[in-house]
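Enquirer: sequence and predicted structure below; questions after.
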Amino acid sequence: MARSLQRTDTDEPQAAAGVKPRRTPGDDRRARKVEDILWFLIAAVVILLFVRFVLLLFGARTGVPFVDFWYGLTAPLIAPFAGMFGNVDTYNVYTGQRIEIEALVAIVIYALVGYLLVLAARLLRREPRAS
């Protein structure tokens, strides 16, 4: 007995029956692009905060244009977490080194929130389950 190799995934019969047509490859590409943009933004924020943490850890001096620029750039990202742990004194008077715990918390929080946004974007891309 010979089987016919007829395509059954065309949109015409579904449209005639009132069924919503399937997603197109263009929709999938757009959704993946949104995910890529979200991952880029997450990585950029985490890298900015990590460099700030390292600069403070090694005691980078304020007054140097690059250091002042970096601290100014990342200050709005740290602002929601400022004072979170009260007055924890991790500043070394002799070397200028400081462990900024708020920066570490901000890195973790922004990474987790970003990951949740990527998961939400994936949910929008996923096809609904058949009942």
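Expert: Yes, it's here. Keep in mind it's a predicted model, so treat the numbers as computed, not measured. Numbers count the residues shown, from 1 in each chain.

Enquirer: show me where pLDDT drops low in this structure?
Expert: Within the chain, the ranges that satisfy pLDDT under 70 run 1-27, 87-89, 91, 127-131.

Enquirer: grab the longest helix from it for me.
Expert: helix 25-57 (DSSP state H).

Enquirer: skip ahead from that helix and say which helix or strand is next.
Expert: The C-terminal neighbour of helix 25-57 among helices and strands, as given by DSSP states H and E, is helix 65-78.

Enquirer: now do the buried residues in that next one.
Expert: 70, 74, 77-78 (16 or more other Cβ atoms under 10 Å). (Each C-beta comes from the backbone N, C-alpha and C, glycine too.)

Enquirer: how about residue 95, nearest residue that isn't a chain neighbour?
Expert: residue 59 (4.9 Å; Cβ to Cβ, 6 or more residues apart in numbering).

Enquirer: what's in contact with stretch 42-55?
Expert: For stretch 42-55, the surrounding residues in contact (Cβ atoms under 8 Å, 6 or more residues apart in numbering) are 67, 70-71, 73-74, 77-78, 100, 103-104, 106-107, 110-111, 114-115, 118.
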